[in-house]
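Asks: sequence first, predicted model second:
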Amino acid sequence: MKNDGNEIGELDVSATAATVDPITVHYVLCLYITGATTQSARAITNLRRLCENYMSGGYELEIVDLSQHPSFAKGEQIVAAPTLIKKLPLPSRRFIGDMSRTERILSGLGLSTQPEKLPPERSP
């Protein structure tokens, strides 16, 4: 898992996704922030919590500070920060702005709003 981050924002929903099985799906996410701001720190904290609680199948979270890597903004067509891009599983999605809106982000990712509960381990 790769984590450093900020908050997630408004959801740019261009298509409706079916709910996916979070136990078997591996997510690849990239969070774009602008510097060490309170909003960036909050976005990182909220997104990490969301990933740990709802993506038991695993995830990769890359955090890119656009103040240190401005060329990434043009390459990924980032117009506001924080922006979260879900690269996998397809279809890709963009979330721009307030990353504390957990239900909206989960809905856009096709995840249930209930945290993952793994089955108890069985004794041999």
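Replies: Yep, that arrived.

Asks: longest helix in this structure, please.
Replies: Using DSSP state H, we find that the single longest helix of the chain is helix 38-54.

Asks: I'd like the next helix or strand past it.
Replies: Proceeding C-terminally, helix 38-54 gives way to strand 59-65 as the next helix or strand, assigned by DSSP states H and E.

Asks: pull out the buried residues from the very next helix or strand once past that following strand.
Replies: Proceeding N to C from strand 59-65, the next assigned helix or strand is helix 71-75, under DSSP H and E. For helix 71-75, the buried set under the neighbour-count rule, 16 or more other CB atoms under 10 Å, comprises Ala73. For glycine as for every other residue, the C-beta is placed from the backbone atoms N, C-alpha and C.

Asks: stretch 42-58 too?
Replies: Neighbour-count burial for stretch 42-58, counted by 16+ other CB under 10 Å, picks out 42-44, 46-48, 50-51, 54-56.

Asks: which of these lies closest to Leu106?
Replies: In terms of CB to CB, no member of the buried residues of stretch 42-58 lies closer to Leu106 than Tyr54, at 6.2 Å.

Asks: turn the buried residues of stretch 42-58 into TSV, columns for pLDDT and distance to Pro82.
Replies: Formatted as TSV, the entries for the buried residues of stretch 42-58 read as follows, by pLDDT from 0 to 100; distance: CB to CB, whole Å:
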residue	pLDDT	distance to Pro82
Arg42	94	9
Ala43	95	4
Ile44	96	8
Asn46	94	10
Leu47	94	9
Arg48	94	13
Leu50	93	13
Cys51	93	15
Tyr54	90	18
Met55	89	18
Ser56	78	24
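
Asks: for these, give me CSV that also has distance to Thr83.
Replies: Listed next are the buried residues of stretch 42-58 as CSV, based on distance: CB to CB, whole Å:
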residue, distance to Thr83
Arg42, 14
Ala43, 9
Ile44, 13
Asn46, 14
Leu47, 11
Arg48, 16
Leu50, 15
Cys51, 16
Tyr54, 19
Met55, 19
Ser56, 25
